[in-house]
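**Student:** just need the structure, nothing else, for what follows:
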Amino acid sequence: MKPELALSAPSAWLDPAAAPATPGRSFWAAFAAVVTVASLVLVLSTGQFRPRGLGPYSVSVPVDFAPYDPARWAIMNAGDYEAALKIDPTLPDPRSIDWSDAAPEPPADPLLLRDEALAGPPAKSYAFQGVTALDRERAHYCLTAAIYYEAASESDDGMRGVAQTVLNRVRHPSFPSTVCGVVFQGSQRAGVCQFTFSCDGAMARTPERRNWLRASRVASAALGGTVFPKVGLATHYHTTAIWPRWGKSLVMTNIVGAHIFHRWRGRWGMPDAFRVPYSGREPVPGPYLPVAQQVAILKGQGLAPGAGPVAAATAAPLPDTAAAPLPGAMSPPASVASPQPAVAPPPTYTDARLNQSGDVREEYRKSGEWIR
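**Tutor:** Now for the predicted structure:
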């Protein structure tokens with residue numbers, strides 16, 4: 001007899017579809033769906049991912065703001081600090097930063113604003129104090145001479161423009177760092193000096209007392225730190241009757257009297273470039289080419305330094321004798337020893353201290369040459 005199968009035994013396998021629903025599983029499925037939807041809404045609202053066609057969106061952020069705070073209004077409407085301190089003892093003392101002692105700034109002068117817009121930024125005030133009394137006397141004499149011989153017939157503003165240009169050069173790295181070095185730069189060679197009066201024989205004219213004293217007063221004020229803002233940071237100028245070849249390479253700042261003033265382009269003409277400290281050691285005032293020799297060269301009766309074989313022997317010792325002869329100056333043949341015109345001694349100054357002998361310092365020996 002065959003054994004019978006026990007069909008009544010329970011099966012360990014159950015159909016998933018027939019399995020009863022579990023409360024925990026349905027909860028986590030719903031929670032995952034909510035988190036997914038919330039994440040999608042958050043991404044879309046932050047703008048990190050926004051497909052085309054969804055259009056603009058807006059975000060509302062709740063703000064806890066009280067439109068009316070009686071305590072704050074009471075403090076602001078208090079009559080003085082003591083009354084406000086009674087309401088809120090933690091208020092800081094306004095006198096701790098001295099704001100109440102600050103003086104209000106004066107109203108801006110429209111004329112000064114207009115001048116600055118035209119001329120550019122003004123120079124910074126700087127007092128040119130020489131190391132010794134002799135240095136101060138030399139600086140004052142050199143600046144006075146530049147003002148007088150360049151602008152004796154000008155107004156006071158015309159003189160101030162020349163003085164400011166000279167002192168701007170003293171503070172700029174392109175020029176000597178002394179007043180006399182700037183004024184007489186290149187005067188050892190006729191025709192290449194930076195200021196024409198120092199090598200064209202103009203200093204043979206005796207100064208007129210009234211205008212010399214006027215130039216002296218302008219020089220004293222400028223050396224003491226007075227700034228003339230109408231020419232800005234000008235380092236060059238020329239008369240209105242001419243327009244030199246270098247005019248287009250610079251920026252015109254202003255026209256004062258009979259002179260047109262210019263400054264460097266770019267950063268070379270901005271205030272940060274004028275940072276060279278004044279050395280305070282003034283060289284011997286020029287001109288470094290004797291005035292008598294300058295006049296002789298202009299009249300065609302003399303030779304420029306270095307033009308002839310015996311020029312160095314007949315002329316006074318000069319810092320640089322390598323200059324080429326001026327146009328029209330004839331050089332004698334080397335085999336003919338032609339007599340040279342007598343050279344007068346250098347001019348003397350009223351102040352004996354200015355007559356001390358000396359040579360141009362080494363760093364100024366090539367002054368006046370074209371800057372490469």
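
**Student:** please enumerate the helices of the stretch 101-250 of the chain.
**Tutor:** 110-119, 133-151, 156-171, 179-183, 209-223 (DSSP state H, counting those that start in this stretch).

**Student:** so which elements touch the second one?
**Tutor:** What that stands for is helix 133-151. Identification of packing neighbours for helix 133-151 by 3 or more CB pairs under 8 Å, 6 or more residues apart in numbering; DSSP states H and E yields helix 156-171, helix 179-183, helix 209-223. All C-beta atoms are positioned from the backbone trio N, CA, C, and that covers glycine.

**Student:** how about the helices of the stretch 101-250 of the chain, which one is nearest residue 192?
**Tutor:** Nearest of these to residue 192, taken as CB to CB: helix 179-183 at 14.7 Å.

**Student:** may I have the closest one as CSV, with CA atoms only?
**Tutor:** What follows is helix 179-183 as a C-alpha-only set of coordinates in CSV (Å, rounded to 0.1, in the frame of the first residue of the first chain):
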residue,chain,number,x,y,z
VAL,A,179,66.3,122.6,-6.6
CYS,A,180,69.5,123.9,-8.1
GLY,A,181,70.1,120.6,-9.8
VAL,A,182,66.7,120.9,-11.6
VAL,A,183,67.0,124.6,-12.4
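
**Student:** can you list the neighbours in contact with that helix?
**Tutor:** Residues from elsewhere that reach helix 179-183, judged by CB atoms under 8 Å, 6 or more residues apart in numbering: 128, 138-139, 141-143, 145-146, 166-167, 169-170, 175-176, 194-195, 198, 223, 282-286, 361, 364, 367.

**Student:** now swap in stretch 158-168 and tell me
**Tutor:** Here stretch 158-168 has contacts from 123, 126, 128, 143, 146-147, 150-151, 154, 179, 182-183, 214-215, 218-219, 222-223, 227-228, 230-231, 233-237, 254, 256-259, 261, 274, using CB under 8 Å, 6+ apart.

**Student:** how many residues are close by residue 265?
**Tutor:** Around residue 265 there are 11 other residues, counting by other CB atoms under 10 Å.

**Student:** so it sits against residue 250, correct?
**Tutor:** Yes: look at residue 265 against residue 250 with CB atoms under 8 Å: they come within range, at 6.4 Å.

**Student:** so, low pLDDT: which residues of the stretch 51-200 of the chain?
**Tutor:** Regions of the stretch 51-200 of the chain meeting the criterion pLDDT under 70 cover residues 51-68, 94-104.

**Student:** for stretch 170-190, buried residues please.
**Tutor:** By 16 or more other CB atoms under 10 Å, the buried positions in stretch 170-190 come out as 170-172, 175-190.

**Student:** quote the end-to-end distance of it.
**Tutor:** Stretch 170-190 has an end-to-end distance of 22 Å (CA to CA, to the nearest Å).

**Student:** same deal with stretch 93-106?
**Tutor:** One end of stretch 93-106 sits 27 Å from the other (CA to CA).

**Student:** confirm residue 261 sits in a helix?
**Tutor:** No: counting by DSSP: H, G, I helix; E, B strand; the rest coil, residue 261 is not part of a helix but strand.

**Student:** how much space between it and residue 93?
**Tutor:** 52 Å (CB to CB, to the nearest Å).

**Student:** neighbour count winner among the two?
**Tutor:** The residue with more neighbours, out of residue 261 and residue 93, is residue 261; 26 against 8, by other CB under 10 Å.

**Student:** quick one: pLDDT of that one?
**Tutor:** Looking at residue 261, its pLDDT stands at 96.

**Student:** what sits against it?
**Tutor:** Residue 261 sits in contact with 119, 161, 165, 231-232, 234, 236-237, 252-255, where contact means CB under 8 Å, 6+ apart.

**Student:** what number of residues lie near the nearest residue to residue 168 once chain neighbours are set aside?
**Tutor:** Distance criterion CB to CB, 6 or more residues apart in numbering; nearest residue to residue 168, sequence neighbours excluded, is residue 235 at 5.2 Å. By other CB under 10 Å, 26 other residues sit near residue 235.

**Student:** if I look at residue 235, how far off is residue 89?
**Tutor:** Counting by CB to CB - residue 235 and residue 89 are separated by 61 Å.

**Student:** same question, residue 34
**Tutor:** 50 Å.

**Student:** residue 180 too?
**Tutor:** Distance, residue 180 to residue 89, using CB to CB: 67 Å.
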